[in-house]
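Student: Generate a structure from the sequence data that follows.
(chains A and B)
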Amino acid sequence: MTIDVIKPGLATSIQDTGRQGHYHLGIPPSGGMDQRSLRAANLLLGNPEGAAVLECALMGPELRFSESCCVAACGAEMTPRVNGEAQPLNEVFRVPAGATLSFDFVKAGARLYLAIEGGIDVPEKLGSRSTYALGSLGGLDGRPLQAGDQLTLLPSATASREGRRLPESLIPVFSRHYLLRVVPGIYDHRLTDESRERFYEEDWTVASEADRIGYRMKGGSPLSFIEREPPFGAGDDPSNIVDACYPIGSIQVPSGSEPIILHRDAVSGGGYAMIGTVISADMDWVGQIQPHQKVRFVPVSLEEALAARAEYREVMEALRQMP
Amino acid sequence: MSQQDIQAPFPGVFYRRPSPDKPPFVEEGQQVEAGTIIGLIEVMKQFFELRADAAGIITAFQVEDETVVEAGQGITVLEVV
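Tutor: All right, here's what the predicted structure looks like:
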């Protein structure tokens, strides 16, 4: 069983639940940016929850299947087509031997997750099959898919789940204007009170540079920092700090002009002040925002963030228990 | 003669020129071959070449140079000869 990549799409890469435990050495977690959709697609098929899938950003690939095989597509709304015939999202369907699977243009969301029976078979690197393109690690030769690539699958352990559908209540509804919850800190004391308040009151537009490394925002007022004597080791720019670790989800604002939310392929540290961190429960949404859509940041307490994480875990548990 | 919509395959910024100091890839009313580059769409630091699917004449552009386009938005119409 092989899958031929006829057209790779825009930025299609092999992802799973990521590689944890190496960020302190500069290796980010990688993995699907919308973990909920990635896991949902695997669970629908009866794959291991963390099986390797294709993450298809903004434009889907065109794939030819050598043998008949079940797949599930979750996340961004791009209608899948088998030999041109429309197939459902969020439901297991079969691709017959020799058929071509393609996708319509994206109607909502940014990333579709295509899980294939058994999961994609590439070697694990540091415990994960996820592609970290910036570090040429994991996936297929450490890079996104290219035309002419051939994918192979691991053996499937379960019976066919053809026709199995995600319950309506577990299908995310994508927006064009997101509210992202943020725990302020740890360097927001560097902002003036006025600037800090304004940051949370304005709409920000996602820039076209938004990718797996980070989501850059434009359109809000430049931030103003409190004047200071730069500490030893920090640059002269007021947005600089002495180098520190960057959490995934942290928001840095180089030169105070364009905030960047770091995502799963982020660099692990550097010298920009982080004025807040998007809560873990909202990071899947970040991965589904299209360039040029809008975002408003909402400050929350650590307690609220932890409560949101508990709710998120309940959704994941409901996915695991689905009929 | 039939008409084909040339649409943006994904959201991004549409460019009619290969670089700011170069002339446009095609002018309105120009005859093109299948595969001729009509423009570029840029997103996530990548440039995608938008091409004509068939030979024909490019009618008026529906979007300006360097504007934000949505997935599926019409860029121009190709009158297939």
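Student: For the rest of this, base every contact and every neighbour count on C-alpha atoms.
Tutor: OK.
Student: What segments of chain B are helices?
Tutor: Counting by DSSP state H, no segments of chain B form helices.
Student: tell me which parts of chain B are close to chain A?
Tutor: B:Pro9, B:Phe10, B:Pro11, B:Gly12, B:Val13, B:Glu42, B:Val43, B:Met44, B:Lys45, B:Val68, B:Ala71, B:Gly72 (CA under 8 Å from any CA of the partner chain).
Student: List the beta-bridge partners for the fourth one.
Tutor: Put plainly, it is B:Gly12. B:Val69 (DSSP bridges).
Student: residue in chain B nearest to chain A?
Tutor: Nearest residue of chain B to chain A (CA to the nearest CA) works out as B:Met44 at 4.3 Å.
Student: Burial check on that residue, number of neighbours?
Tutor: 18 (other CA atoms under 10 Å in any protein chain shown).
Student: Over to A:Ile226: give its phi and psi.
Tutor: phi -70, psi 140 (degrees, to the nearest 10).
Student: low pLDDT regions in chain B?
Tutor: B:1 (pLDDT under 70).
Student: ok, which stretches of it are strands?
Tutor: Counting by DSSP state E, one finds strands in chain B at the ranges B:2-7, B:12-15, B:31-32, B:37-43, B:46-51, B:56-61, B:67-69, B:74-80.
Student: Packed most tightly, which of the ones you listed would that be?
Tutor: strand B:12-15 (a mean of 24; mean count of other CA atoms under 10 Å in any protein chain shown).
Student: Which positions in the stretch 1-150 of chain A make contact with chain B?
Tutor: So the stretch 1-150 of chain A meets chain B at A:Leu58, A:Met59, A:Phe105, A:Val106, A:Lys107 (CA under 8 Å from any CA).
Student: would JSON lines of those with neighbour count and secondary structure be doable?
Tutor: As requested, those are arranged in JSON lines below (neighbours: other CA atoms under 10 Å in any protein chain shown; DSSP: H, G, I helix; E, B strand; the rest coil):
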{"residue": "A:Leu58", "neighbour count": "31", "secondary structure": "coil"}
{"residue": "A:Met59", "neighbour count": "25", "secondary structure": "coil"}
{"residue": "A:Phe105", "neighbour count": "22", "secondary structure": "coil"}
{"residue": "A:Val106", "neighbour count": "24", "secondary structure": "coil"}
{"residue": "A:Lys107", "neighbour count": "17", "secondary structure": "coil"}
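Student: and these, which two are the farthest apart?
Tutor: Spatial extent of these (CA to CA) is set by the pair A:Met59 and A:Lys107 at 10.4 Å.
Student: buried residues in stretch A:269-278?
Tutor: Neighbour-count burial for stretch A:269-278, counted by 16 or more other CA atoms under 10 Å in any protein chain shown, picks out A:Gly271, A:Tyr272, A:Ala273, A:Met274, A:Ile275, A:Gly276, A:Thr277, A:Val278.
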